[in-house]
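**Student:** Structure for this input, please:
(chains A, B and C)
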Amino acid sequence: MDDTKKICNTSSSDGVLLRMGLNDNKAGMQGLDKEKINKIIMEATKGSRFYENELKKDRQVNQRIEKMMQLKEKITTQQLLKAQLQVDKLVVELEQSRNLSRIIVHIDMDAFYAAVEMRDNPELREKPIAVGSMSMLSTSNYHARRFGVRAAMPGFIAKKLCPHLTIVPLNFEKYGKVSKEVREILAEYDPNFMPMGLDEAYLNITEHLEERLNWPENKRRFFFNTESTTENVLFEDNTPLIDDHPEQRDQLVENSVVFGTSAEEVVKEIRFRIEQKTQLTASAGIAPNTLLAKMCSDRNKPNGQCRIVPERQAVLDFLKDLPIRKVPGIGKVTEKMLKALGIVTCSELYQQRALLSLLFSEASWRNFLDISLGLGSTHLEKDGERKSMSTERTFSEMNTAEDQYSVCRELCRDLAQDLQKEGLKGKTVTLKLKNVNFEVKTRASTVLSSVSTEEEIFAVAKDLLGTEIDSVAPHPLRIRLMGVRVSGFLSEEEKKYQQKSITSFLKSGKEIGFLRLQPGKSNQEYFRNKSEASTTRSFFDRKRAARQLNGENPSLNESVGKQLFHDRKSSTNFVEETKKVTDLQNSTNVCKIFTCPVCFEDQSSNSLEELNRHIDVCLGGTLVKDTVEITKNYDSKENTCNFLPQFKNKNADECQKNKPDLLAGTDQSASTSDNSISNSTEKFTQIISDKPHRERQPSNLSDIAKNMCMKQCLFPKRISRDSEDHFEKTEHTEENSSSCFFEAKEDSVLVCPVCNSEQKTRSLVSFNRHVDVCLNKGLIQELTEKKYFPTKTSNMEISNRVGALSGGQQCTNPSQGTKRSGLTTSQSASKKAKSSNSKHTIEMFFK
DNA sequence: CGGATCGAC
DNA sequence: CTATGTCGATCCG
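**Tutor:** Residues are numbered from 1 along each chain as shown, chains lettered A, B, ... in the order given. As a prediction, the model looks like this:
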């Protein structure tokens, strides 16, 4: 009893309540006071699944805080002093770079949606209203706010707070129109202004102000709107007026007003014009940077404006007592964490800068420092290309796989449409699920080729969904939300190089060894639709084709093998063959055959996930054999489905049929297996469901790549014994320091592993530099963004691989090394050359 | 890369 | 009854 009370009291009730709303309720006469509001919210909330989840999240935050406090305890005065020195050095630099010359404005429409609705429906004007639905409100008018009705509050709770509340449904089309009207005005002051959503924008009016100085009065004169005269609240500015050009105010002639040339006057003009045009009010902040401008616009809200003059002291004064929560980027969690350190205001944030630098990540404490100094961006960079696109939907509990697959497909369809509008294709598909307890999960998968159509996206998403359904089997997956996101778009640069990249991708694939080409089919065809691709051609057809290709190029494998032994001649061969292959690729479209590095069976796959799954299974020990057997049987029998069961998913029903056992024990048990489905399929699903997806280790090549990229160096600064075969060490001793350099031996030629060209230099340093440059060109992405490697890879293996890449030699890879123990040495060598990245050692870079 | 979390509108 | 949708950033593993 005591315990639960404690938990609720210390962590939750406070936190949750704070989160739910209202800390600064100005208890009006017709409104409610803070306590009442909190009580009502609590009553409506307590015991709900939502609330339970809020408590859980709260506990997590508290744990984070606890961890932080423990870290704090361990900090010595020494460390703190040192940090203080370092941070202060940075402060000096930052101070020097402070730029007060720009004049940035942040415009923020007051209670935008609600205001639009009130404008369009006079009946609503004197009432408390909110825009949204019974389940969620987007905003409320100021009248409703007195009752504690806020944005992001569910309507049914708002109703309890304010029974007279009118809830108006959202009408984005209308808001968009109004927003456009406002933007037209803003563009006149800064053609490069930056809209943030529908109701906010940043402007850089520095240039406008310069021009404006010479403007005649009539260019600054604006007329009152005569149409909707009478009861209109014409520009009643809330701002405490300190007009710097009072004389210009007097020049109010008839129905017009002239604005001055100061920043304040410009912003008043903007707000005036907005109100005249849309009958809506806006608040504004004027400051030397975006951060300050934004916080400033909040100051005299609604219908007011505020300026921080371009002086350092003015900035610091503004920040002095400003609660950190008012700072954009600091949300409830950060606020709570900082509060635990006794930091509530921005000046306190500054005082604790040394401590913060020890407790938070670099990005975080730097940001804190910027905030506490009042530094922000002084120019408005247009936001770059979009990085992802998604769609999600909340619904009442859904627990049948059938429904879930069908929603999933719908989402994919919608998303595909949106993607096509912008002509985007992405490589990563993320499925988002929220269960009925409000716990959110995301599952992502990155595929080889970009996806954009409903089918392509769904092919990936349905696998992710299937895995999740399996993971809770035999229980049904009970969800209240599903979302699909596509990310990993090709950048403009990549689009340009895409053609080229595919070539290099194939080339490198061949070097690695288990990626080969198959003429006669287009990439498109191959990658577009899993089920389609795998049914159009049988396993054996592909196998034959692959063999044929190999037969046509007998030197291919051989040369790869010889490459290992630095045979100069065959290496040239290798290069020529590579050319042939890529030429082939250029002239005719090809599809891809992978040789599994474990079982060495050719695998044709249209998705990386599939390939990886196959490899996982192969690595999986005893299960492996069965699985492969089954695969083959299944293949020969059905002439479809290569290694793992694929659900055609023409529609959700089929998914359902194909996964009978997964649904056993649920209401869906009626959908028992159809006799036409072979035993092997059932076995398969069994095997798969026995091994939930989450047991898998994350993949690894990307880790290696990250490592490489971060270190910006393919080779170690330390040279291992093995690499000394190739490099000679020369030592230079200068006065105090001695340094050593490594140069390639006479008889070796360094070949860049990225661009594959011979390097003239013998110096390890120069060579590394070249490789770095190559890497930076992004070519390596083709190698790294794709997991050619088993997802089931131990850390040990990774380090071995990294070691190999860094010059180490031995292949101690436990899974791959031992798997093929039955091979003869030469076979083994050659096979390994093909299959194991461990052999992508330093030797590969020599001719 | 994948997953979780934060934060903003 | 009834607690959003969409996006970018960051951190961690």
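**Student:** quick one, what contacts the closest residue to residue A:164 other than its chain neighbours?
**Tutor:** Of all residues not flanking residue A:164 in the chain, residue A:128 sits nearest, at 6.2 Å (C-beta to C-beta, 6 or more residues apart in numbering). Where C-beta positions appear, they are placed from N, C-alpha and C, glycine not excepted. Listed by C-beta atoms under 8 Å, 6 or more residues apart in numbering, the contact partners of residue A:128 are A:140, A:141, A:143, A:144, A:146, A:147, A:149, A:162, A:164, A:165, A:166.
**Student:** these two touch, right, residue A:268 and residue A:259?
**Tutor:** Yes - when contacts are counted by C-beta atoms under 8 Å, residue A:268 is listed as touching residue A:259 (6.0 Å).
**Student:** In terms of neighbours, single out the busier of these two.
**Tutor:** For residue A:268 versus residue A:259, neighbours defined as other C-beta atoms under 10 Å are more numerous around residue A:259 (25 against 21).
**Student:** isn't the more buried one right next to residue A:219, touching?
**Tutor:** No - proximity of residue A:259 to residue A:219 does not meet the contact threshold set by C-beta under 8 Å, at 9.8 Å.
**Student:** isn't residue A:127 right up against residue A:166?
**Tutor:** Yes - A contact is recorded between residue A:127 and residue A:166 when judged using C-beta under 8 Å, the distance being 5.5 Å.
**Student:** How about the residues of the stretch 301-450 of chain A by DNA strand C?
**Tutor:** Proximity of the stretch 301-450 of chain A to DNA strand C is confined to A:360-364, A:383, A:386-394, A:396, A:418 under the rule C-beta under 7 Å from any atom of the strand.
**Student:** which outside residues touch the helix or strand hosting residue A:95?
**Tutor:** Applying DSSP states H and E as the criterion places residue A:95 in helix A:77-96. Contacts with helix A:77-96, where a contact means C-beta under 8 Å, 6+ apart, come from A:353, A:354, A:355, A:357, A:358, A:369, A:370, A:373, A:375.
**Student:** try stretch A:352-359
**Tutor:** Stretch A:352-359 is touched from outside by A:68, A:71-72, A:75, A:79-81, A:83-84, A:86-88, A:91, A:341-343, A:349, A:364-365, A:368-369, A:372, with contacts defined as C-beta under 8 Å, 6+ apart.
**Student:** how deep is whatever residue of the stretch 451-600 of chain A ends up closest to DNA strand B tucked in, by neighbour count?
**Tutor:** Per C-beta to the nearest atom of the strand, residue A:488 is where the stretch 451-600 of chain A lies closest to DNA strand B, at 5.1 Å. Residue A:488 has 18 neighbours, counted by other C-beta under 10 Å.
**Student:** if I look at the nearest residue to residue A:372 once chain neighbours are set aside, how far off is DNA strand B?
**Tutor:** When the adjacent residues along the chain are set aside, residue A:372 lies closest to residue A:350, with 3.6 Å between them (C-beta to C-beta, 6+ apart). When distance is defined by C-beta to the nearest atom of the strand, to the nearest Å, residue A:350 is 18 Å away from DNA strand B.
**Student:** what sits against residue A:350?
**Tutor:** The neighbours of residue A:350, taking C-beta under 8 Å, 6+ apart as the test, are A:369, A:372, A:373.
**Student:** Excluding chain neighbours, what is closest to the first one?
**Tutor:** Computed as C-beta to C-beta, 6+ apart, the closest residue to residue A:369 that is not its neighbour in sequence is residue A:353, at 5.7 Å.
**Student:** For the one you found, give its distance to DNA strand B.
**Tutor:** Here residue A:353 is placed at a distance of 18 Å from DNA strand B (C-beta to the nearest atom of the strand).
**Student:** Look up the pLDDT of that residue for me, please.
**Tutor:** The predicted structure scores residue A:353 at 98 on the pLDDT scale.
**Student:** next one: residue A:411
**Tutor:** Model confidence at residue A:411 (pLDDT) stands at 98.
**Student:** now residue A:75
**Tutor:** The pLDDT attached to residue A:75 in the predicted structure is 97.
**Student:** Just grab the bridge partners of whatever residue of the stretch 401-550 of chain A ends up closest to DNA strand C for me.
**Tutor:** Nearest residue of the stretch 401-550 of chain A to DNA strand C: residue A:481, at 5.2 Å (C-beta to the nearest atom of the strand). Partner residues in beta bridges with residue A:481: residue A:394, residue A:434, with DSSP bridges as the criterion.
**Student:** ok, it touching residue A:437?
**Tutor:** No - counting by C-beta under 8 Å, residue A:481 does not reach residue A:437; the two are 11.7 Å apart.
**Student:** Of those two, which one has the most company?
**Tutor:** Higher neighbour count among residue A:481 and residue A:437: residue A:481, with 17 against 12, using other C-beta under 10 Å.
**Student:** circling back: any buried residues in the helix holding residue A:95, and which?
**Tutor:** If you call a residue buried by 16 or more other C-beta atoms under 10 Å, then helix A:77-96 has these buried ones: A:83, A:87.
**Student:** Stretch A:329-343 now?
**Tutor:** For stretch A:329-343, the buried set under the neighbour-count rule, 16+ other C-beta under 10 Å, comprises A:330, A:333, A:334, A:335, A:336, A:337, A:338, A:340, A:341, A:343.
**Student:** send the alpha carbons of that stretch over as CSV?
**Tutor:** Provided in CSV are the C-alpha atoms of stretch A:329-343 (Å, rounded to 0.1, in the frame of the first residue of the first chain):
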residue,chain,number,x,y,z
GLY,A,329,13.5,21.4,-28.2
ILE,A,330,13.2,21.0,-24.4
GLY,A,331,10.2,18.9,-23.8
LYS,A,332,8.7,17.3,-20.7
VAL,A,333,11.4,14.7,-20.3
THR,A,334,14.3,17.0,-20.6
GLU,A,335,12.6,19.4,-18.4
LYS,A,336,12.2,16.8,-15.7
MET,A,337,15.8,15.6,-16.0
LEU,A,338,17.2,19.0,-15.7
LYS,A,339,14.8,19.8,-12.9
ALA,A,340,16.4,16.9,-11.1
LEU,A,341,19.6,18.7,-11.3
GLY,A,342,18.0,21.8,-9.9
ILE,A,343,17.8,23.5,-13.3
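**Student:** what about that stretch and DNA strand B, touching?
**Tutor:** Yes - where contact is defined by C-beta under 7 Å from any atom of the strand, part of stretch A:329-343 touches DNA strand B, namely A:329, A:330, A:331, A:332, A:333, A:334, A:335.
**Student:** which of those residues lies closest to DNA strand B?
**Tutor:** Distance ranking of the residues of stretch A:329-343 next to DNA strand B against DNA strand B, using C-beta to the nearest atom of the strand, places residue A:331 first at 2.1 Å.
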